[in-house]
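Participant: Any chance you can model this:
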Amino acid sequence: MNTPTATGKRAATRETILDHAYALACNGGLEGLSIGSLAADVGMSKSGVFAHFGSREELQLAVLDAGGQRFMATVLAPALKRPRGLPRLRAIVANWFNWGREFQSGCVLLSSASEYDGRRGPLHDRVVAQMAGWRRELCKAIGQAVDEGHLRANTDAELLAFEIYALMLGLHHDGGLFGFDEARRHAERAFERLWRSWQT
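Facilitator: Below you'll find the model as predicted:
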């Protein structure tokens, strides 16, 4: 029987492995993640890693979940402390900018969308579920902005969420190629135009 100390140690070891796996996936994508390379990076045997993640796919799913949780904690959670409506939407975008700066070298969530968009299976399904969940959060924030009178009553929440997402993809793309600061300046101006277009 596992003691509380043993259970806590196992959980801590799993988190350490997951942190290393997340860092590797940020640079090489989920498809570049292997039990062997991870074991070497952590300083464990392959069997030691397998004891915590029974398969490569289980490991990849855990990394994807960790990425989603970190994204929500960084981007959405702080914004929920802001007033409902456009102030909260602006906070979401500003936090998303900061996320993009932190992960200029690679973002698991973005790379996984490219890796699994045309494939079927648990990883594809998890990516779709994550992206759909994030779109729902954006639509909810947009709906609140409409309720507060900050956006037009006929605002198409799904379309605006799509436009927000498209601008953020442009930021990530240009940030890596042309420098993040310049890309952010363009994105900030584009967002101001976007907000205005749904206010009048």
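Participant: Low-confidence ranges, this protein, go.
Facilitator: For the chain, the stretches with pLDDT under 70 are 1-7, 104-105, 200.
Participant: how about the helices of it, start to end?
Facilitator: For the chain, helices defined by DSSP state H occupy the ranges 4-28, 35-42, 46-50, 56-71, 77-79, 86-102, 108-116, 122-147, 157-178, 180-197.
Participant: Now tabulate these in JSON lines and tack on mean neighbour count.
Facilitator: Backbone N, C-alpha and C define where each C-beta goes, glycine included. As requested, these are exported to JSON lines (neighbours: other CB atoms under 10 Å):
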{"stretch": "helix 4-28", "mean neighbour count": "15"}
{"stretch": "helix 35-42", "mean neighbour count": "16"}
{"stretch": "helix 46-50", "mean neighbour count": "15"}
{"stretch": "helix 56-71", "mean neighbour count": "18"}
{"stretch": "helix 77-79", "mean neighbour count": "15"}
{"stretch": "helix 86-102", "mean neighbour count": "18"}
{"stretch": "helix 108-116", "mean neighbour count": "19"}
{"stretch": "helix 122-147", "mean neighbour count": "17"}
{"stretch": "helix 157-178", "mean neighbour count": "16"}
{"stretch": "helix 180-197", "mean neighbour count": "14"}
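Participant: Grab the most central residue of this protein for me.
Facilitator: The centre of the chain sits closest to Phe71, judged by CA atoms, centre = their mean, with a distance of 4.2 Å.
Participant: How much space separates Val63 from Leu138?
Facilitator: Distance of Val63 to Leu138, given as CB to CB, to the nearest Å: 24 Å.
Participant: The nearest residue to Arg14 once chain neighbours are set aside: neighbouring residues, count only.
Facilitator: Among residues not flanking Arg14 along the chain, His52 sits closest, at 4.6 Å (CB to CB, 6 or more residues apart in numbering). When neighbours are defined as other CB atoms under 10 Å, His52 has 18 of them.
Participant: got a list of what His52 touches?
Facilitator: 10, 13-14, 17 (CB atoms under 8 Å, 6 or more residues apart in numbering).
Participant: what's the closest of those residues to Gly85?
Facilitator: Among the contacts of His52, Arg14 lies closest to Gly85 (CB to CB), at 40.1 Å.
Participant: Could you check how far Leu64 is from Glu148?
Facilitator: Taking CB to CB, one finds Leu64 at 34 Å from Glu148.
Participant: and if you look at Leu30?
Facilitator: Separation of Leu30 from Glu148 (CB to CB) stands at 39 Å.
Participant: Please say which of these two ends up with more neighbours.
Facilitator: Leu30 (23 against 14).
Participant: Now do the contacts for that one.
Facilitator: 60, 63-64, 108, 111-112, 115-116, 123.
Participant: now with 7 Å?
Facilitator: Taking CB atoms under 7 Å, 6 or more residues apart in numbering as the criterion, Leu30 is in contact with 60, 63-64, 108, 112, 115, 123.
Participant: Could you count how many residues lie near Gly118?
Facilitator: When neighbours are counted by other CB under 10 Å, Gly118 registers 7.
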